[in-house]
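> let's see this in three dimensions:
(2 chains)
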Amino acid sequence: MAKIKGDIVINTERCKGCEVCLAACPFTVIAMSKEVNSKGYHFAMKVNDECTGCTNCALVCPDGVITVYRAKVTTE
Amino acid sequence: MEELFAKPEIRKPENIVYKKTDLMVDRPLSYCPGCGHGTAHRMLMEVIEEMDITEKTIGVSPVGCSVLAYDFLNIDMLGAAHGRAPALATAIKRMWPNHFVFTYQGDGDLAAIGTAETIHACNRGENITIIFINNGIYGMTGGQMAPTTLPGMRSSTSPYGRDVPTMGHPLKMTELVAHLPGVYYVTRQSVHTPNNVRKTKKAIRKAFELQKENKGLSFIEIVSNCNSGWKMTPVQSNKWMEENMFPFYQLGDIKVDGKLIEVAR
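Next comes the predicted model:
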């Protein structure tokens, strides 16, 4: 069965930790890290495999730090 | 930690469905975390990239938080005196009628000091696009009361809330200019949810298409948050905006194809 799978890459150095993407994600794929980046912000990070590549998080990100990938994956 | 859930079979260049456009200069934005300016900048640049008019677009940046827009937008930009962006845009458009000219202004710039320039540029029907970011406050200078501040809204110069008998009513610039005959397209959008971001992009695209057809001035208001000025977290400020700003500044098209849209406002 073919399934749409997605993946996101977050530029953690540019993330300002505003948490707007958390509210936009329909599958709670994103959460805030405990660590901080070099500017002292808690950055967003991917915490599970549910991503479908819907691009919602990337659209609302004010700093445009999220790159979204999407592909059809064939599974048994 | 993040790499724990990485999917290398999907993470390939041909599978990219969304990335920051190359027309945004690769440097950190000077805006506060969660500010709508960044999203508005990106949507504007995406439209310019999709229409392939990078070489033919000239932007005018205002005075305010977005005064440094020319540092982030990788197109030709000019800085105008406070509030005078529509006047400068008029001059540019008349010199280069085949170029696309837009102004990017905040509410302190467009609705306060630049009221005269805005209204007269709209009334003359200059063939430009005005993008108006409304956050109801003077964000850059420390959250003072702006003409667009809501009644009862707290700011650093109205600490007990805007008192209408002494401080006046909020100014709805968008409805005001919609009544001028030179204006062809007027809409009000926001950039706080994915759906609204998509709608805003469509509106900006439409405005630039209309400029191509020499239809007249198009005016796009983007209701945005100012979380540091409002003293809230970004998510709280988006919620506050939905509950308080949107009932007063109703989203949607106000004038399409030169005709006012009749809704109960």
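
> following the longest helix seen in chain B in sequence, what is the next regular element?
When every helix of chain B is counted residue by residue (DSSP state H), the longest turns out to be helix B:194-212. Secondary structure here is assigned by DSSP states H and E; on that basis, the next helix or strand after helix B:194-212 toward the C-terminus is strand B:217-223.

> just checking, what packs against the helix or strand just after that next one?
As assigned by DSSP H and E, the chain's next helix or strand after strand B:217-223 is helix B:227-230. The elements that helix B:227-230 packs onto, with contact taken as 3 or more C-beta pairs under 8 Å, 6 or more residues apart in numbering or on different chains; DSSP states H and E, are strand B:137-138, helix B:234-240. C-beta coordinates here come from the backbone N, C-alpha and C atoms, glycine included.

> quick one: those as a markdown table, columns for mean pLDDT and mean neighbour count too.
Formatted as a markdown table, the entries for the helices and strands packed on helix B:227-230 read as follows, by pLDDT from 0 to 100; neighbours: other C-beta atoms under 10 Å in any protein chain shown:
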| stretch | mean pLDDT | mean neighbour count |
| --- | --- | --- |
| strand B:137-138 | 92 | 27 |
| helix B:234-240 | 94 | 19 |
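
> closest one to chain A among these?
Of all these, the one in closest proximity to chain A, counting by C-beta to the nearest C-beta, is helix B:234-240 (4.1 Å).

> now do the helices in chain B.
Using DSSP H, the helices found in chain B span residues B:36-51, B:69-72, B:85-95, B:107-108, B:115-124, B:164-167, B:173-178, B:194-212, B:227-230, B:234-240, B:246-248.

> run through chain A and note the low-pLDDT ranges.
Applying pLDDT under 70 to chain A flags residues A:76.

> 80 instead, please
Along chain A, the parts satisfying pLDDT under 80 run over A:1, A:75-76.

> neighbours of residue A:74, how many?
Burial of residue A:74 is recorded as 7 neighbouring residues (other C-beta atoms under 10 Å in any protein chain shown).

> can you tell me the closest non-neighbouring residue to it?
When the adjacent residues along the chain are set aside, residue A:74 lies closest to residue A:2, with 5.1 Å between them (C-beta to C-beta, 6 or more residues apart in numbering or on different chains).

> mind checking how far residue A:25 is from residue B:259?
Using C-beta to C-beta, to the nearest Å, we find residue A:25 at a distance of 39 Å from residue B:259.
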